[in-house]
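Trainee: Generate a structure from the sequence data that follows.
(chains A and B)
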Amino acid sequence: MCPLCGERDRREFYYYGAEDFLNRPAADAEPGAWDNYLHLRDNPAGVTKDLWYHEMGCAQWLVVTRNTVTHEIIATELVAERAK
Amino acid sequence: MTYSAFRIVRETLTGNTGWKPAWRDPAPKAEYDAIIIGGGGHGLATAYYLARNHGLTNVAVLEKGYLGSGNIGRNTTIVRANYFLPGNSEFYSHSLKLWEGLESELNYNVMHSQRGLINLFHSDGQRDAFVRRGNAMINQGDDAILLDRDGVREHLPYLDFEQTRFPIYGGLLHPRGGSARHDAVAWGYARGADRRGVDLIQNCEVTGIDIQNGVVRGVQTTRGAIRAKKVGIIVAGRSSQVAAMAGMRLPIESHVLQAFVTEGLKPVINHVISFGMGHFYISQSDKGGLVFGGDLDFYASYAARGNLPMVEHVMEAGMTLMPMIGRAKVLRSWGGIMDMSPDGSPVIDKTHVEGLFLDCGWNYGGFKAVPASGWCMAHLMATGESHEVAGKFRLDRFATGHLLDEEGTGSQHNLH
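Mentor: So this is what the prediction gives:
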């Protein structure tokens, strides 16, 4: 479910990873902060937020709230909207 | 009870009344020298080698379901040692050697079959990469034979060599590669550990890890508290949840990998074949079913089932490679939950808590690693030092930059 295009086929979307990728550390941050950003994950069995790209649609990046156990999509929002 | 041909004859003559359960069903004791969390392939192998190699028999394996109820029962049973990077190469080589002696070691038929593995390549560049990989395998002491197109045709005449998208240039044959019976590996190690005195405790879920002043004291379970000076977390598929009980955040994202099996057919595919460009690999089980799979579904999941787009993709890749399988009927499909690490390699290491050890991050290559993972994890838990073939599987390598990125795809969990 894309906020712009509505309900679309799963194959139009590209999965990038956990929402952590939105919290990029400052360039001069400690190495530990970069490890945390690049590698370490909460990896919940249940509700999670992750980044998807509507590659074959509106080309928008989305934050998708969904359940990793049931595959239920709970909410989607545009990364661009969130940044405002 | 030792299994033998004589025993089978005797039981046949006496109406099969003399067979006994392969392992006991003990109640948990209040304290053990060591606890293994997770009664899967890796956990059971670790318990077995703790007893066999290090004389530690006051050991319990705690399993929340039944033994072998996780990924050891949800994989495609491929055994190989065709890794390239130092750190991986010697580890999987060690594992393959253990596989080769496993049945007599365990007195258990794990149906290990070294039928040969062929990785296909489809371009000059890929051929160069496979030449290099083959040389790395030979340098490690394992075997690899480069096949040209006619060489592949001799082994696999039924492939579609003329396909326009990915014409087959050749393949790398790994004769000692093959497959084994997945459940039997878990059962064989379980029985072996039990016979050496290890308590296998099923339906016992760990709900907490007791830590005092940075030292592990034991675990809380659904069957009461159990004390131990050493605890090993070997729960791939649930690593993040169990490690969180010890306050750890792991470099792991869980993904679902699907696999499929057809109805039983007469012998037709004699090798394990991988078609990397199409994300497809296949072998035939001893029962006759074609066992095949492809790539991850690509999104984090704990569902143990996949979705249809990847099913379609795997079927398409199979039809592209070997159109003859088109009339076989798929019987079942399933998904396993993979601990995906950012570099595609596993972790066998100590943690920040004294006495607490971690074995995780097997991506989708955990099955073939079972013997060496158990061997090395047992060595680590017993001696406090990493085994020489597993010394690079460190938990802190992501922070220090010593990654083992076999596929060279970068630090994104789902790309390995």
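
Trainee: Burial check on residue 46, number of neighbours?
Mentor: In the absence of a named chain, this looks at chain A. 11 (other CB atoms under 10 Å in any protein chain shown). Backbone N, C-alpha and C define where each C-beta goes, glycine included.

Trainee: wait, chain B
Mentor: Residue B:46: 33 neighbours (other CB under 10 Å).

Trainee: Wasn't it part of a helix?
Mentor: Yes: secondary structure of residue B:46 (DSSP: H, G, I helix; E, B strand; the rest coil): part of a helix.

Trainee: For chain A, spot the helix or strand the model is least confident about on average.
Mentor: Taking mean pLDDT, DSSP states H and E as the measure, helix A:79-83 is the helix or strand of chain A with the lowest mean score, a mean of 85.

Trainee: Pull the contacting residues for residue B:21.
Mentor: For residue B:21, no residue meets the contact criterion (CB atoms under 8 Å, 6 or more residues apart in numbering or on different chains).

Trainee: so it, which of the three states?
Mentor: Relying on three-state DSSP, one would call residue B:21 coil.

Trainee: From residue B:200, how far out is it?
Mentor: Using CB to CB, to the nearest Å, we find residue B:21 at a distance of 11 Å from residue B:200.

Trainee: Check chain A for its longest helix and report it.
Mentor: helix A:31-38 (DSSP state H).

Trainee: which residues touch the following helix or strand past it?
Mentor: Using DSSP states H and E, the helix or strand that follows helix A:31-38 towards the C-terminus is strand A:47-53. Outside of strand A:47-53, the residues within contact range by CB under 8 Å, 6+ apart are A:13-19, A:21-22, A:42, A:59-68, A:74, A:76, A:79, B:299-300.

Trainee: how about the residue at the greatest distance from the centre of chain A, secondary structure?
Mentor: Distance from the C-alpha centroid of chain A, by CA atoms, centre = their mean, peaks at residue A:28 (24.5 Å). Under three-state DSSP, residue A:28 falls in the coil class.

Trainee: wait, doesn't residue B:284 sit right on residue B:267?
Mentor: Yes: taking contacts as CB atoms under 8 Å, residue B:284 lies within contact range of residue B:267: 6.6 Å.

Trainee: hang on, the earlier thing: any idea how far chain B is from the residue farthest from the centre of chain A?
Mentor: 17 Å (CB to the nearest CB, to the nearest Å).

Trainee: And stretch B:153-164, end to end?
Mentor: Stretch B:153-164 has an end-to-end distance of 17 Å (CA to CA, to the nearest Å).

Trainee: scratch that, stretch B:197-204
Mentor: By CA to CA, the extent of stretch B:197-204 from end to end equals 18 Å.

Trainee: tell me the centre residue of chain A?
Mentor: With distances taken as CA atoms, centre = their mean, residue A:51 lies nearest the centre of chain A, 1.5 Å away.

Trainee: any idea how far that one lies from chain B?
Mentor: As judged by CB to the nearest CB, residue A:51 and chain B stand 10 Å apart.

Trainee: Mind listing the residues bridging to that residue?
Mentor: residue A:17, residue A:63 (DSSP bridges).
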